[in-house]
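>>> here is a sequence with its predicted model. Questions after.
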Amino acid sequence: MVYDILSKDEGVRDLARKVFPLCVDKAELPYVAYRCADLATDPRKAGGPGADTVVVEVGCYAADYAGVVALAEAVRNALDYKRGALSGLVMRSSTMVKASEAWADDAYLKLLTFELKI
């Protein structure tokens, strides 16, 4: 669902060459890579299926700082406070819970962490 949202978002598409799940060995800047960092299930008292909380990390990579800031803002606009459904999977909410930045492999990096309720 994250890939579907990010790859179809006009703001992200305008700024990123590609969106990758997990990681990529070789890519042209700028790009986005994301991964599921955690999955927690909240079972109901009656023992039935409950809701899942998924933590997704989205890495935004660019050659310059202004570019990575713009890309991170586009990713946040695409995912923050969003809902959606895809192939029977329903995302009840998506909220950015933290962000950090770094320099890695000759690229500026903004790492955005989202908490999704499924």
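Structure's in. What do you need? All values derive from a computational prediction rather than experimental measurement. Numbering: from 1, shown residues only.
>>> near residue 70, how many other residues are there?
By other Cβ atoms under 10 Å, 18 other residues sit near residue 70. (C-beta placed from N, C-alpha, C; glycine too.)
>>> list the residues that contact the residue most central in space within the chain.
Of all residues in the chain, the one closest to the mean position by Cα atoms, centre = their mean is residue 58, 3.7 Å from it. Neighbour list for residue 58: 2, 6, 32-34, 75, 79, 111-114 [criterion: Cβ atoms under 8 Å, 6 or more residues apart in numbering].
>>> so which of those residues comes closest to residue 62?
residue 32 (9.9 Å; Cβ to Cβ).
>>> so what touches stretch 105-114?
With Cβ under 8 Å, 6+ apart as the test, stretch 105-114 has contacts from 29, 37, 55-65, 67-69, 71-72, 75-76, 79-80, 94-103.
>>> so which of those belong to helices?
65, 67-69, 71-72, 75-76, 79 (DSSP state H).
>>> could you dump those residues to CSV with pLDDT, distance to residue 90 and neighbour count?
Formatted as CSV, the ones in helices among the contacts of stretch 105-114 follow (pLDDT from 0 to 100; distance: Cβ to Cβ, whole Å; neighbours: other Cβ atoms under 10 Å):
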residue, pLDDT, distance to residue 90, neighbour count
65, 97, 37, 12
67, 98, 34, 18
68, 98, 31, 23
69, 98, 32, 15
71, 98, 27, 25
72, 98, 26, 25
75, 98, 21, 28
76, 98, 22, 19
79, 97, 16, 25
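>>> turn those into JSON lines, including distance to residue 17.
Below are these laid out as JSON lines (distance: Cβ to Cβ, whole Å):
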{"residue": "65", "distance to residue 17": "18"}
{"residue": "67", "distance to residue 17": "12"}
{"residue": "68", "distance to residue 17": "13"}
{"residue": "69", "distance to residue 17": "17"}
{"residue": "71", "distance to residue 17": "10"}
{"residue": "72", "distance to residue 17": "15"}
{"residue": "75", "distance to residue 17": "14"}
{"residue": "76", "distance to residue 17": "19"}
{"residue": "79", "distance to residue 17": "19"}
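>>> tell me the buried residues in the helix-or-strand element of the chain with minimal mean pLDDT?
The helix or strand with the lowest mean pLDDT-type score in the chain, counting by mean pLDDT, DSSP states H and E, is strand 19-21 (a mean of 88). For strand 19-21, burial by neighbour count (16 or more other Cβ atoms under 10 Å) applies to 19-20.
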